[in-house]
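[1] My questions concern the predicted model and sequence given below.
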Amino acid sequence: MHLDQGPVFRKAITPWYDSETLCWVMIIGLAVAAAFGLVGIDLARGHPQWHGHVWLPVLLVALCALVILSAAFRLARRYAYRYSK
């Protein structure tokens, strides 16, 4: 169910899981996880016996980047909609 774009008497309530604060917390947390993955890539490439396991931190960084981009686009659309009025 979509929220009414122009409520008459009050501001539309955003669900807690789609709030701006949670988006920023998610972006920061995923940036920390991506940094952890980058350290993992560096360590796995530094030891020859671990070269076969580089795919796991690469996957972690790629998935973190995907979700960060998704949340950033969501925030950008929200800010663009807010300031276009």
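    Arrived safely.
[2] Quickly find the element holding the residue nearest the centre of the chain.
    In the chain, the centroid-proximal residue (Cα atoms, centre = their mean) is I68; its distance is 2.6 Å. Using DSSP states H and E, I68 sits in helix 55-84.
[3] ok so, going back, so the residue nearest to the centre of the chain sits right up against I27, yeah?
    Yes. With contact defined as Cβ atoms under 8 Å, I68 counts as touching I27 (5.5 Å). For every residue, glycine as well, the C-beta is placed using N, CA and C.
[4] Quick one: list the elements packing against the lowest-mean-pLDDT helix or strand in the chain.
    Scoring the helices and strands of the chain by mean pLDDT, DSSP states H and E places helix 55-84 at the bottom, with a mean of 94. Judged by 3 or more Cβ pairs under 8 Å, 6 or more residues apart in numbering; DSSP states H and E, helix 55-84 is in contact with helix 20-46.
[5] elements contacting the helix it packs on?
    Helix 20-46 packs on helix 55-84, going by 3+ Cβ pairs under 8 Å, 6+ apart.
[6] between the helix it packs on and helix 20-46, how big is the angle?
    Helix 55-84 runs at 150 degrees relative to helix 20-46, counting by axes from the mean of the first three to the mean of the last three Cα atoms, to 10 degrees.
[7] How far away from the center of its chain is helix 55-84?
    Distance of helix 55-84 from the chain centroid (Cα atoms, centre = their mean, to the nearest Å) equals 4 Å.
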